[in-house]
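Undergrad: Got a predicted structure plus its sequence, pasted below:
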There are 2 protein chains.
Amino acid sequence: MSRTDRILMGPGPSNPYPEVTEALTRPVVGHLDPEFIDLLDEVNERLRLVFQTGNQLTFAVSATGSAGMEAAFVNFVRPGDDVVVGVNGVFGARMCDVAGRAGANVVEVLEEWGRAIDPQRLLDAHPNPRIIAVVHAETSTGVRNDIAPLGAGKGDALLLVDCVTSLGGIELDVDGAGVDIAYSGTQKCLGVPPGLAPLTVSDAALDSLVAKPQSWYLDLNLIRGYVSGDGARAYHHTAPISMLYALHAGLGAVLEEGLANCWARHRACGDELHARLPELGFGLWAQEGHRLPQLTTATLPSSIDDVAGRRALLERYGIEVGGGIGPVAGKVWRIGCMGHTARRRNVTLLLGALAELVADPP
Amino acid sequence: MSRTDRILMGPGPSNPYPEVTEALTRPVVGHLDPEFIDLLDEVNERLRLVFQTGNQLTFAVSATGSAGMEAAFVNFVRPGDDVVVGVNGVFGARMCDVAGRAGANVVEVLEEWGRAIDPQRLLDAHPNPRIIAVVHAETSTGVRNDIAPLGAGKGDALLLVDCVTSLGGIELDVDGAGVDIAYSGTQKCLGVPPGLAPLTVSDAALDSLVAKPQSWYLDLNLIRGYVSGDGARAYHHTAPISMLYALHAGLGAVLEEGLANCWARHRACGDELHARLPELGFGLWAQEGHRLPQLTTATLPSSIDDVAGRRALLERYGIEVGGGIGPVAGKVWRIGCMGHTARRRNVTLLLGALAELVADPP
């Protein structure tokens, strides 16, 4: 079995924390074992802390981040509902697809890729939408969209936010920002392998759950009987035990460090990259003032070919960075510094490797 | 961190193979890393061998077995399609729910729980259904339903089979039996933690894929661009890397032993339990001739209380068995012997523990 150990500096997955890898080896127990129910409760409580929420329904969907997106829409969209979606990258566009399949009348608010969406445009897009949805940290562009003004101005709408790449990496205050539905992924700033989608739903939003959503697997009416409650838990589907061990450990690492310290660590890595990449001839593509520290989109110097350059990073140094997608495919790299990857030494390594590539292009 | 090591003799999860636990610690790489694509191809090839199929579209859905069920229905059911479903336990009933949410006109063929469904009744239930669906190994009752006569008599219908508890545990020949769509779970007879749902689709069935199913996450039109093909793989969602390492190793263990040997090992455990449980005052609940070796439903002797008995097994011996559900809740136990649990020593241990419980009831 190959044990190639990459430095994962793409758009995710990131390198898991060592305690996460260890947790994966914890002996499997049953999904109704009292010890496992205790662990599940702890995972959910830890998720509340990193989401900064008191939401009772806070847990990890048993699938990857995109299933979190699907759970967020199918449980709240009824056919014909008006849903405003901000689109300035792949994941906003994906939201439109997912909402449309649930029968939504999607009102797209388009912004140029690489730029942030003006929250006022989202608020003005429809007088009384069912949902206003936006991606907090666009993994495809490295842009942060503002959330708090949406919570302040949403009126009766539910505010639905994609936090896949933001959770644990930049400030996110679900309750403070008035977010009703938020989902994330494990493989970004939480430093856990991909496979689960943390999800939180405000108590107010719970009142408008679709009674029988099109997805049985993601039906929150059914899932809540297993993931929360004081009494016996009702079996819905078999929980992904080992991945929940991993998430438990990853959240433990984040909370032991302290959420603010964890954000600061991601910020320090991003600041260093943003300061020094231009010295090597790379440009910073995302809009200034809205650049994510945990995901940098860098335009390539003319001497570096996209595919050959990434192959050289992978083969010479074992470093993965991501290619650009959409309008900047072939022109930018997506450089992630998330989770356990977000350390000074990885930034130093990458900058050193890039300097060597620039000096001696592959 | 607790490291309680249970002997998992309930309806799943089973104990993982040691090489599976080790595989979970393999360093995470990216989902587009060439090394990972090679591994993904190997997983899919190994799945073809255990499913006994040449189906090109064979892979693991990135979620648990019930999501495999949902993928199987939502990609083939159009609103108003007639779908015949055999129901003699929880998972047949779940199929009706899932198919109904996809818009199917569900034709239920009911059989008493604990008894097998006569295949002819399924064939006679509708003159020209879109799909005939049945559970191969009903985890809720310990009953095996016959598949091959359905494949022989299905006509133009697609044959859809739940193989969650059968795959790797009893004979299953997807191509030989004329199965068009089959899904499974990792946490039963494959000896892998829960989290993935192996799925295989016949080339003929691919011709009738729904163009835009209600689920984006489970859309096979999109997923096939990532999980198979000769050229570059198109990103759909981030693959659950570590769980795929685990499945790769679990399938490796099964294939190294030999599929027929693996079935024989499960059979030997089941035969031993079936022979000796009655000596201790337990009854065998499932219909004779259709009893699963890997999941035994045993009625309790009058001296043993369901909840107190299971608690004593868990606390005194660290053994998990499952309670009955549906009409036999409180009256039967579900005793699994699957995956790495399916060993002589675990059968001997359980029988010894049960003898002690009978002699000294909790």
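TA: Received it, and whenever you're ready, just let me know what you need.

Undergrad: ranges for the helices of the stretch 51-200 of chain A?
TA: A:65-74, A:90-101, A:119-124, A:148-153 (DSSP state H, counting those that start in this stretch).

Undergrad: can you redo those helices as CSV with distance to residue A:17, mean pLDDT and mean neighbour count?
TA: Glycine gets a C-beta too; all of them are placed from N, C-alpha and C. CSV is the format used below for the helices of the stretch 51-200 of chain A (distance: least, C-beta to C-beta, whole Å; pLDDT from 0 to 100; neighbours: other C-beta atoms under 10 Å in any protein chain shown):
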stretch, distance to residue A:17, mean pLDDT, mean neighbour count
helix A:65-74, 18, 98, 28
helix A:90-101, 25, 98, 22
helix A:119-124, 34, 98, 18
helix A:148-153, 29, 98, 17
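
Undergrad: do you know which of these lies nearest residue B:340?
TA: Among those, helix A:65-74 comes nearest to residue B:340, with 28.3 Å by C-beta to C-beta.

Undergrad: name the helices or strands packed onto the closest one?
TA: Counting by 3 or more C-beta pairs under 8 Å, 6 or more residues apart in numbering or on different chains; DSSP states H and E, the packing neighbours recorded for helix A:65-74 are strand A:57-61, helix A:90-101, strand A:158-162, strand A:181-183, strand A:197-201.

Undergrad: Of the ones you listed, which is nearest residue A:217?
TA: strand A:57-61 (9.0 Å).

Undergrad: So which of the helices of the stretch 51-200 of chain A is nearest residue A:358?
TA: Closest approach to residue A:358 among these is made by helix A:90-101 (28.3 Å; C-beta to C-beta).

Undergrad: what inclination does whatever helix or strand residue A:253 lives in have with respect to strand A:197-201?
TA: In this structure, residue A:253 is located in helix A:241-257 according to DSSP states H and E. Using axes from the mean of the first three to the mean of the last three C-alpha atoms, to 10 degrees, the inter-axis angle of helix A:241-257 relative to strand A:197-201 is 70 degrees.

Undergrad: Dump the helices of the stretch 51-200 of chain A into a markdown table; add distance to residue B:92 as well.
TA: As requested, the helices of the stretch 51-200 of chain A are exported to a markdown table (distance: least, C-beta to C-beta, whole Å):
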| stretch | distance to residue B:92 |
| --- | --- |
| helix A:65-74 | 24 |
| helix A:90-101 | 27 |
| helix A:119-124 | 45 |
| helix A:148-153 | 45 |
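
Undergrad: Tell me which of those sits nearest to residue A:53.
TA: In terms of C-beta to C-beta, the element of the helices of the stretch 51-200 of chain A nearest to residue A:53 is helix A:148-153, at 12.3 Å.

Undergrad: Put the alpha carbons of the closest one into PDB.
TA: This file holds the C-alpha atoms of helix A:148-153, laid out as PDB (Å, rounded to 0.1, in the frame of the first residue of the first chain):
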ATOM      1  CA  ALA A 148     -23.800  39.900   8.500                       C
ATOM      2  CA  PRO A 149     -25.700  42.500   6.500                       C
ATOM      3  CA  LEU A 150     -27.900  39.700   5.100                       C
ATOM      4  CA  GLY A 151     -28.800  38.600   8.500                       C
ATOM      5  CA  ALA A 152     -29.600  42.100   9.500                       C
ATOM      6  CA  GLY A 153     -31.800  42.800   6.400                       C
END
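
Undergrad: give me the beta-bridge partners of residue A:85?
TA: residue A:108, residue A:133 (DSSP bridges).

Undergrad: surely it meets residue A:105?
TA: No: contact criterion C-beta atoms under 8 Å: residue A:85 and residue A:105 do not qualify, at 10.9 Å.

Undergrad: circling back to that earlier point, tell me which residues of the helix holding residue A:253 come out buried.
TA: Buried residues in helix A:241-257, counting neighbours by 16 or more other C-beta atoms under 10 Å in any protein chain shown, are found at A:241-254.

Undergrad: then that helix to PDB, C-alphas only?
TA: These are the backbone C-alpha positions of helix A:241-257, laid out as PDB (Å, rounded to 0.1, in the frame of the first residue of the first chain):
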ATOM      1  CA  ILE A 241     -18.800   5.800  13.100                       C
ATOM      2  CA  SER A 242     -15.100   6.200  12.300                       C
ATOM      3  CA  MET A 243     -15.600   9.500  10.500                       C
ATOM      4  CA  LEU A 244     -17.500  10.800  13.500                       C
ATOM      5  CA  TYR A 245     -14.500   9.800  15.700                       C
ATOM      6  CA  ALA A 246     -12.300  11.800  13.300                       C
ATOM      7  CA  LEU A 247     -14.600  14.800  13.400                       C
ATOM      8  CA  HIS A 248     -14.700  14.600  17.200                       C
ATOM      9  CA  ALA A 249     -10.900  14.800  17.300                       C
ATOM     10  CA  GLY A 250     -10.600  17.500  14.700                       C
ATOM     11  CA  LEU A 251     -13.100  19.700  16.500                       C
ATOM     12  CA  GLY A 252     -11.200  18.900  19.700                       C
ATOM     13  CA  ALA A 253      -8.000  20.200  18.200                       C
ATOM     14  CA  VAL A 254      -9.600  23.400  17.000                       C
ATOM     15  CA  LEU A 255     -11.300  24.100  20.400                       C
ATOM     16  CA  GLU A 256      -8.100  23.200  22.300                       C
ATOM     17  CA  GLU A 257      -6.200  25.800  20.300                       C
END
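
Undergrad: how far does the helix or strand just after that helix sit from the chain's center?
TA: For helix A:241-257, the following helix or strand on the C-terminal side (DSSP H and E) is helix A:259-276. Remark: helix A:259-276 is offset 17 Å from the chain centroid, using C-alpha atoms, centre = their mean, to the nearest Å.

Undergrad: Likewise for stretch A:347-362?
TA: That offset, for stretch A:347-362, works out to 28 Å (C-alpha atoms, centre = their mean).

Undergrad: Can you give me every residue that contacts the closest residue to chain B within the stretch 251-362 of chain A?
TA: Among the residues of the stretch 251-362 of chain A, residue A:320 lies nearest to chain B; the distance is 4.8 Å by C-beta to the nearest C-beta. Residues in contact with residue A:320 (C-beta atoms under 8 Å, 6 or more residues apart in numbering or on different chains) are A:6-10, A:310, A:313-314, B:29-30, B:33.

Undergrad: coming back round to it: in TSV: the helices and strands packed on helix A:65-74, plus distance to chain B.
TA: Putting the helices and strands packed on helix A:65-74 into TSV (distance: least, C-beta to the nearest C-beta, whole Å) gives the following:
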stretch	distance to chain B
strand A:57-61	9
helix A:90-101	5
strand A:158-162	13
strand A:181-183	12
strand A:197-201	10
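
Undergrad: sorry, back to before: for chain B, tell me which of the buried residues of helix A:241-257 show up nearby.
TA: For chain B, the contacts drawn from the buried residues of helix A:241-257 by C-beta under 8 Å from any C-beta of the partner chain are A:241-243, A:246, A:249.

Undergrad: Please report the distance of the residue nearest to residue A:104 when sequence neighbours are not counted from residue A:63.
TA: Setting aside the residues directly before and after it, residue A:104 is nearest to residue A:83 in space (C-beta to C-beta, 6 or more residues apart in numbering or on different chains), at 4.1 Å. Distance, residue A:83 to residue A:63, by C-beta to C-beta, to the nearest Å: 22 Å.

Undergrad: From the recorded domain assignment, give the ranges for chain A.
TA: A:7-13+A:259-359, A:18-256 (automatic domain parsing).
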